[in-house]
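# got a predicted structure plus its sequence, pasted below:
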Amino acid sequence: MEILGATLRVCVDDLEAAVPFYERLAGGRALRFERGGVSVAAIGCFLLMSGPESELEVLRKVAATIAVKDVEETGRLLAELGARVIAGPVATPGGRNLIALHPDGSVYEYADRDG
């Protein structure tokens, strides 16, 4: 499995107020989209999320998004290492992802850019 990078997930109360700060910090423009009633802004290594508390409560349980070369391969390795895939792999607008529960109780999203 090849890890290509990680994205930090940040839940914010006011996305419009938070975006300018993170754009300056990361030195780039926000890529915005909606997913399941949650407004999202991807800026550099940050993924800002704002929306109903019921949706954010679930999203807060995922520590980070880890970019990998191949989600299927990653799922097999995670299982071999004792992790449990709790969702996916599924297709997303940017590729495929899965959510895994590590043996230590940490939850991570793994995503690739393959369609």
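Looks like it arrived, so ask away. Numbering: from 1, shown residues only.

# can you tell me the SS state at R76?
Using DSSP: H, G, I helix; E, B strand; the rest coil, the structure places R76 in helix.

# count of neighbours near it?
Other residues near R76 come to 13 when the count uses other Cβ atoms under 10 Å. Bear in mind the C-beta positions are built from the backbone N, C-alpha and C, glycine included.

# repeat for the one 5 residues further on
Using other Cβ under 10 Å, L81 is surrounded by 11 other residues.

# ditto for L47
Look at L47: counted by other Cβ under 10 Å, it has 21 neighbours.

# cool, and A41?
22.

# V40 too?
19.

# you'd agree it is up against M49?
Yes - using Cβ atoms under 8 Å, V40 makes contact with M49 at a distance of 5.4 Å.

# gap between the most centrally placed residue in the chain and E16?
Centroid check for the chain by Cα atoms, centre = their mean gives T65 as the closest residue, at 3.5 Å. Per Cβ to Cβ, to the nearest Å, T65 is found 22 Å from E16.

# just E34 next, same as before
Here the criterion is Cβ to Cβ. By it, E34 lies 14 Å from E16.

# also L25?
Noted for L25: a distance of 16 Å to E16, by Cβ to Cβ.

# and for G51?
Applying Cβ to Cβ to G51 and E16 gives a distance of 13 Å.

# mind checking which of the two has more residues around it?
Ranked by neighbour count (other Cβ under 10 Å), G51 and E16 place G51 first, with 18 against 10.

# how about that one, nearest residue that isn't a chain neighbour?
Excluding the flanking residues, the one nearest G51 by Cβ to Cβ, 6 or more residues apart in numbering is V38, at 3.6 Å.
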